[in-house]
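>>> Here is my input, please return the structure:
(one chain, ligands or ions: 1)
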Amino acid sequence: MDIGFIGLGKMGFPMARRLIEAGHRLVVHDQRKEAIDKLVALGAVAASSPKDVADRAETVLASLPSLQASLEVATGADGVIEGARVKRFVDLSTVGSQMAVRIHGLLAKRNIVQLDSPVSGGVGGAEKGTLAVMVSGPRADFEAIKPVLAVIGKLFFIGEKPGSGQTMKLANNFLSATAMVATSEAIVMGVKAGLDPAVMIEVINAGSGMNTASRDKFPRSVLPRSFDFGFATGLMVKDVRLCLDEMKSLGLSMEVAEAVGRLWETVIRDMGAESDFTSAIKPIEQAAGVVVGGTTARAAE
Ligand code: NAD
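This is a model prediction of the structure:
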């Protein structure tokens, strides 16, 4: 199947590469020429704009970093909406349900189906094809592109209502954001009291405190202080803000989410949007006057 792919960044590039390896013909576009060149070297065809992609493929996938980028790529001048061949736009980005519904409405006027398809599982999951893929939109279109999406991960059909895949993704990322800062506070508390953080992480991962931050992020990127997990603080804060907006639009006031939101606003202010989101521990360390990690100490066998 000819597939269009727009947005070849940390997530988009490995997803697009897997689709080529699975035998699909890919038409690709990104603002960055070097990202396009890397995929052309693997067998993809370059396109000069989102419209150009949508002139050549019935199904166009996108993995973009902001709500504005998804809106522009899908519905702006030279956007997917102007393409001659496109039938469906599959947004793998996290944009929140309100933006997904807005894009859905604009594309529907041109008989283009929009499918929400946000993903979870990070760059590692994108490389291995093990992402959780949360799809909402018309069931028939979901069925039509199942073989394509199955290349990038495990598929979950959330419902036909536009935006519901996004709501699912925000619930997931709220928990991921919470795990990162809550684990940082727990480990900083222990280090302040003189505990070894490497031992703490081993104990937590053998106990009931285990979570995605203690299991994946601390061993890979926090304890070695490499802060290179592959998800930008700006993207995490985007998702936390979207989740708080979603809760408000449903008339909900959620106490944990608001505290988590305040913490992440501190992280983006102190560390910057481009920092890796595992840097969230640094303002917490600074406030406590300790540094976590850099130790090779292990638990007693
Ligand atoms: P990224 O910034 O690495 O990649 C985005 C790509 O889009 C870049 O290559 C950029 O050049 C391109 N781009 C931006 N605006 C464009 C435009 N108008 N036209 C064409 N190309 C454009 O971001 P990422 O980490 O790959 O994340 C992409 C999406 O996936 C985001 O919505 C993010 O929230 C979500 N996500 C990321 C992760 C992760 O671990 N990085 C995990 C799950 C979901």
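
>>> and the longest helix along the chain, how far from the chain's centre?
For the chain, the helix that runs over the most residues, judged by DSSP state H, is helix 164-192. Computed by C-alpha atoms, centre = their mean, to the nearest Å, the separation of helix 164-192 from the middle of its chain amounts to 14 Å.

>>> hmm, that helix touching the ligand?
No - against the ligand, helix 164-192 shows no contacts by C-beta under 6 Å from any ligand atom, the least distance being 7.7 Å. From N, CA and C alone the C-beta is placed, and that goes for glycine too.

>>> Between helix 164-192 and the next helix-or-strand element following that helix, find me the angle.
Sequence order places helix 197-206 as the next helix or strand after helix 164-192, per DSSP states H and E. Using axes from the mean of the first three to the mean of the last three C-alpha atoms, to 10 degrees, the inter-axis angle of helix 197-206 relative to helix 164-192 is 130 degrees.

>>> just checking, next helix/strand downstream of helix 197-206?
Using DSSP H and E, the next helix or strand after helix 197-206 towards the C-terminus is helix 212.

>>> Can you pull out the residues in contact with that following helix?
For helix 212, the external contacting residues (C-beta atoms under 8 Å, 6 or more residues apart in numbering) are 176, 179.

>>> give me phi/psi at the residue of the chain found nearest the ligand?
Nearest residue of the chain to the ligand: Gly9, at 1.7 Å (C-beta to the nearest ligand atom). When read as degrees, to the nearest 10, the backbone of Gly9 gives phi -90, psi -150.

>>> Kindly report the same for Glu58.
Per-residue torsions, Glu58: phi -80, psi -30 (degrees, to the nearest 10).

>>> Flag every residue of the stretch 51-200 of the chain that's near the ligand.
Going by C-beta under 6 Å from any ligand atom, the residues of the stretch 51-200 of the chain near the ligand are 63-65, 69, 72-73, 93-94, 119-120, 122-123.

>>> do that again at 8 Å, thanks
When proximity is defined as C-beta under 8 Å from any ligand atom, the stretch 51-200 of the chain approaches the ligand at 63-66, 69-70, 72-73, 92-95, 118-123, 125-126, 131, 169, 173.
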